[in-house]
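Visitor: structure, please.
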Amino acid sequence: MGTRDRTSEATFLVKYYLLAVLTSLCAGCATGHLGTFSETTFFDRSEYTNFRALGPVQGESCQTMVLYVFPYQSPPSTVEAMHDALAKYENAVFLGNVAVERHQKWLIGYSRICTMVTGTAYTADRIEE
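Guide: Next up is the predicted model:
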């Protein structure tokens, strides 16, 4: 085995090692916080009366990943997306028929990961005691 064979073998091993490390780093960075939970899911009907549907709403919470790896903002949150949807109507009290989706858009140089909440906004009159 000559010097040339050892050099090409060493070059191959270095390239293989670098590829393995870069692949591992990218895979680790691509996995993020995948939870889509809200801190409250129960609405106490006993405090309200005269429920009325306001209409369909949609809210979202997004995070930008610069160069597909480096997070620019806080992770997308279901709670923020729900608050965004409720803010569409001034007097909205709760959401019904809720669906939560998560999607990612790949653009040149960055990506956006978003949690989207769609549903129907409702209002009601608070019972005075």
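Visitor: quick one: low-confidence ranges for the chain?
Guide: 1-7, 10, 18-43 (pLDDT under 70).
Visitor: can you do 80?
Guide: For the chain, applying pLDDT under 80 flags the ranges 1-46, 129.
Visitor: domain ranges for it?
Guide: 1-31, 33-126 (automatic domain parsing).
Visitor: mind listing what L95 touches?
Guide: Residues near L95 by Cβ atoms under 8 Å, 6 or more residues apart in numbering: 57, 82, 85-86, 117, 119-122. Just so you know, the C-beta spots here come from the backbone N, C-alpha and C atoms, and that holds for glycine as well.
Visitor: on that earlier part again, could you identify which of the domains of the chain is most buried?
Guide: Among these, ranked by average contacts under mean count of other Cβ atoms under 10 Å, first place goes to domain 33-126 (a mean of 14).
Visitor: chain center to that domain, what's the gap?
Guide: 10 Å (Cα atoms, centre = their mean, to the nearest Å).
Visitor: direction included, what does the biggest strand by length in the chain pair up with?
Guide: The single longest strand within the chain, with elements called by DSSP state E, is strand 48-66. As defined by DSSP bridges, the strand partners of strand 48-66 come to strand 70-71 (antiparallel), strand 110-126 (antiparallel).
Visitor: correct me if wrong: E60 contacts A81.
Guide: Yes - under the contact definition of Cβ atoms under 8 Å, E60 touches A81, with a separation of 5.3 Å.
Visitor: identify the bridge partners of A121.
Guide: Under the criterion used here (DSSP bridges), A121 is bridged to G55, L95.
Visitor: show me the contacts for it.
Guide: 53-57, 85-86, 88-89, 92, 94-95.
Visitor: next: Y72.
Guide: So Y72 contacts 63-66, 110 (Cβ under 8 Å, 6+ apart).
Visitor: roughly how far apart are it and V117?
Guide: Applying Cβ to Cβ, to the nearest Å, the value for Y72 to V117 is 22 Å.
Visitor: and what of V69?
Guide: 27 Å.
Visitor: S74 too?
Guide: Separation of S74 from V117 (Cβ to Cβ) stands at 17 Å.
Visitor: also Y17?
Guide: Distance, Y17 to V117, by Cβ to Cβ: 44 Å.
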